[in-house]
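Trainee: Mind looking at a prediction? Sequence and model below.
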Amino acid sequence: MGFNLSSMVPFLLLLLQLAVTVAAAGDATTLTATPATITRSDQWITLRWSNLPSPSPLDYVALYSPPSSADLHYLGFLFLNASASWPTGAGTLLLPRLPDLRAPYQFRLFRSPPADTRLDQDHDPLPDARHRAAVSGDVRAEGNGSRPAQVHLAFADAPDEMRVLFVCGDAGDRAVRYGLLGLREEEWDEAPAEARTYERRQMCGYPANDIVGWRDPGFVFDAVMKRLQPGRRYFYKVGSDSGGWSEKYSFISRDIEANETIAFLFGDLGTYVPYNTYFRTPQESLSTVKWILRDLEVIGDRAALVSHIGDISYARGYAWLWDHFFEQIEPISSSTPYHVCIGNHEYDWPSQPWSPSWGANIYNGNDSGGECGIPYSIKFRMPGNSSLSTGTGAPDTHNLYYSFDAGVVHFVYMSTETDFTQGSAQHNFIKADLERVNRSRTPFIVFQGHRPMYTSSNGTKETAHREQMIQHVEQLFVKHNVTLALWGHIHKYERFCPMKNYQCLNTSSSFVYPGAPVHVVIGMSGQDRQPSWEARPDHPDVPIFPQPERSMYRGTEYGYTKLMATREKLTLVYIGNHDGQVHDMVEIFLYDNSMHVKLPPKVIWSYMGIASSVILSLLVGILAGFLVRRKRDSGRWIPIVNEEA
């Protein structure tokens, strides 16, 4: 039988095709991500790629979780040109350890997008995910979401209690175990944790209710440690034997009889993510956390608390940014009670229930990205039981207004996003709360809310809001001698003199309480969109507008404030992130140091009235005369720092 070449052609073609396929496979672009399992001790994820032909500086790796996500539904992305060797078609990128999203991560390498692609807020190209070149294996967190994460403390209603919240991927039984320093773990108490969550269908708008922004939030567990001895260090851990336990944490229990109070206060922090995403995230928020941790280490076994007054994570409907936020603050919040109030970026949405006629240009936007207060209400639990229906069938909005005592200070939190006018539930709460304050135990009152009552920012669209605040709330401040009013929303620091109906009562930075609170805007802790100052009528064309008379100090330096109070004096300092040093300070005394005698609180509150000179003369004595004098500066303003041109 002779050899038939024609019959071999199909076979030869098949061999040739196989050879080409094998050769191509040998030269295929590869992408790897290690380690495959992220433990608490792992600090980095390493991404390596090779064999990328004709590389472009806009080639990128996108992040996904869960791995079933479509190419366009990424969490974020990294440009390959961050690696020095990218022109060779191979390179390495290091990504800091990512939070546990209760689902594996996956990484995909894409070729550069075309010139007509979408742009982000910095006019850089957003990925279009059209040309995928390689896919990594899955990377998962140790425990597959069953181990507790995002641990944070808060005061509970009773002074001998401390609340702890944390997140797990399932709703199985969890608990907190806790005990005093020196006790063996076998002797610790245990309290059960209650699980809550929310669903995509309950979110109010895009992107929160869309597949591009929604991610499963897991279950938020809430447990209360009870019968705590005041001012003692307790150790605790959360979790379960079956699902795993957290590491061991500690805190100092609350002591409402303490003779001092220490607090760290700021607004508008946000969270930084180590990759590009749908909008810019504030890296400066990391510095704020770093410096507060330094200060907490310095104070040691003295109790402290944190106040974050609105605009918290800036997730704006992209759910995983909440996970990044809690991972970022956990070194603080796991050891120090962390308290919040609601801001526009937690709540604002077009159909929110309260829509006053004067607020048409203030509310009803979409600053929350469709979250409408739901993640905020589930992920935090503050003292009290304030709530408001969303009107959509979604869980009620919680953590709106509340108060607590800590040492010598009574702290009050309000919601500037819901009705605060006279006759409202919130106004009634504030009025009744201030009337009940025991000034012999807490001689100072610190009031906090998000949108400011006073500011020299040029945000003119919110003028109506400020006027309503002054009309409906300020009179309560004056009547009940609120010491300090703190606000966020404006991403700068600005301290005002003690204010009463637009009038400045004292221009010093160290003075006896004059009958009205010092107002301070403290929204400078991270978020970087900075409005400019308002123009004074006599300087309309000056690029950096001179300070109005009511403004004692203002600056754009990122940072935070620290409050320190004793029974005689409250001090608030502004600490800058660029050097960790104090840049402004105000001291508020309950009595005049020159008298060398402490006056009863009732006398202090009354001597600032019209008849104050008569009352004090009677108490101190006719021969002493009117000894209390109001301290004033010569009118010299503290220089403006770090201003914007």
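Mentor: Nice, thanks for sending it over.

Trainee: so how far is the helix or strand Thr463 falls within off the chain centroid?
Mentor: Assigned by DSSP states H and E, Thr463 belongs to helix 463-469. When distances are taken as CA atoms, centre = their mean, to the nearest Å, helix 463-469 is centred 24 Å away from the chain's centroid.

Trainee: Whichever helix or strand comes after it packs against which elements?
Mentor: Later in the chain than helix 463-469, the nearest helix or strand by DSSP H and E is helix 475-479. Counting contacts by 3 or more CB pairs under 8 Å, 6 or more residues apart in numbering; DSSP states H and E, helix 475-479 packs against helix 425-436. Using the backbone N, CA and C atoms, a C-beta is placed for each residue, glycine as well.

Trainee: Just want the angle from the helix or strand just after the helix it packs on to helix 425-436.
Mentor: Counting by DSSP H and E, the next helix or strand C-terminal to helix 425-436 is strand 444-449. Taking axes from the mean of the first three to the mean of the last three CA atoms, to 10 degrees, one finds strand 444-449 and helix 425-436 inclined to each other by 170 degrees.

Trainee: Not counting strand 444-449 itself, show me its contacts.
Mentor: For strand 444-449, contacts defined as CB atoms under 8 Å, 6 or more residues apart in numbering pick out 261, 263, 265, 307, 309-310, 341, 408-416, 434, 437, 477, 480-487, 517, 563, 565, 570, 588.

Trainee: rerun that using 7 Å as the cut-off
Mentor: The contact list for strand 444-449 (CB atoms under 7 Å, 6 or more residues apart in numbering) reads 307, 309, 341, 408-414, 416, 437, 477, 481-487, 517, 563, 565, 570.

Trainee: now swap in stretch 59-76 and tell me
Mentor: Contacts for stretch 59-76 (CB under 7 Å, 6+ apart): 31, 47, 52, 77-80, 93, 101, 103-112, 127, 129, 132, 138, 211-212, 273, 275-277, 320.

Trainee: Just the buried ones from those, in ChimeraX syntax?
Mentor: To isolate the buried ones among these in ChimeraX, judged by 16 or more other CB atoms under 10 Å, type:
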select :31,47,52,77,78,79,80,93,101,103,104,105,106,107,108,109,110,111,112,127,129,138,273,275,276,277,320
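
Trainee: mind listing which of the contacts of stretch 59-76 are in helices?
Mentor: Trp320 (DSSP state H).

Trainee: that older thread, in ChimeraX, select just the buried ones from the contacts of strand 444-449.
Mentor: Burial among these is assessed by 16+ other CB under 10 Å; the matching ChimeraX selection reads:
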select :307,309,341,408,409,410,411,412,413,414,416,437,477,481,482,483,484,485,486,487,517,563,565,570
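
Trainee: among the contacts of strand 444-449, which are in strands?
Mentor: 307, 309, 341, 409-413, 484-487, 563, 565, 570 (DSSP state E).

Trainee: Out of those residues, the closest to Asp27 would be?
Mentor: Nearest to Asp27 among the ones in strands among the contacts of strand 444-449: Ile309, at 56.7 Å, using CB to CB.

Trainee: I'd say that closest one and Arg451 touch.
Mentor: No: between Ile309 and Arg451 there is no contact under CB atoms under 7 Å: 9.9 Å.

Trainee: any common contacting residues for these two?
Mentor: The contact sets of Ile309 and Arg451 overlap at Trp487 (CB under 7 Å, 6+ apart).

Trainee: Just want the most central residue of this protein.
Mentor: The residue lying closest to the centre of the chain (CA atoms, centre = their mean) is Ile312, at 3.0 Å.

Trainee: Do I have it right that it meets Ile342?
Mentor: No: contact between Ile312 and Ile342 fails when scored by CB under 7 Å: they sit 8.6 Å apart.

Trainee: Identify the contacts common to the two.
Mentor: With CB under 7 Å, 6+ apart as the test, Ile312 and Ile342 both reach Tyr376.

Trainee: Show the model's pLDDT score for Pro192.
Mentor: Pro192 carries a pLDDT score of 98 in this model.

Trainee: show me the contacts for it.
Mentor: By CB under 7 Å, 6+ apart, the contact set of Pro192 is Ala175, Ala223.

Trainee: Which positions are bridged to it in the beta structure?
Mentor: Here Pro192 sits in beta bridges with Ala175, going by DSSP bridges.

Trainee: For the stretch 201-350 of the chain, which segments count as strands?
Mentor: With strands called from DSSP state E, counting those that start in this stretch, the stretch 201-350 of the chain shows them at 219-225, 233-240, 244-245, 249-252, 261-266, 305-309, 338-341.

Trainee: What pairs with the shortest one, parallel or antiparallel?
Mentor: Right, the one you point to is strand 244-245. strand 233-240 (antiparallel).

Trainee: any idea of the mean pLDDT for the strand it pairs with?
Mentor: Throughout strand 233-240, pLDDT has a mean value of 98.

Trainee: Show me how far it is from its chain's centre.
Mentor: Mean C-alpha position of strand 233-240 versus that of the full chain (CA atoms, centre = their mean) differs by 24 Å.

Trainee: any low-confidence regions in the stretch 501-645 of the chain?
Mentor: Across the stretch 501-645 of the chain, the ranges flagged by pLDDT under 70 are 529-531, 535-536, 540, 543-545, 592-645.

Trainee: Could I get the full set of helices for it?
Mentor: Here the stretch 501-645 of the chain has its helices, by DSSP state H, counting those that start in this stretch, at 601-606, 612-620.

Trainee: what do you get for the stretch 151-300 of the chain?
Mentor: Under DSSP H, counting those that start in this stretch, the stretch 151-300 of the chain gives helices at 284-299.

Trainee: can you pull out the strands in the stretch 451-600 of the chain?
Mentor: Counting by DSSP E, counting those that start in this stretch, the stretch 451-600 of the chain has strands at residues 484-487, 493-500, 503-504, 510-512, 518-522, 551-555, 559-565, 569-576, 582-589.

Trainee: Perfect, I'm done here.
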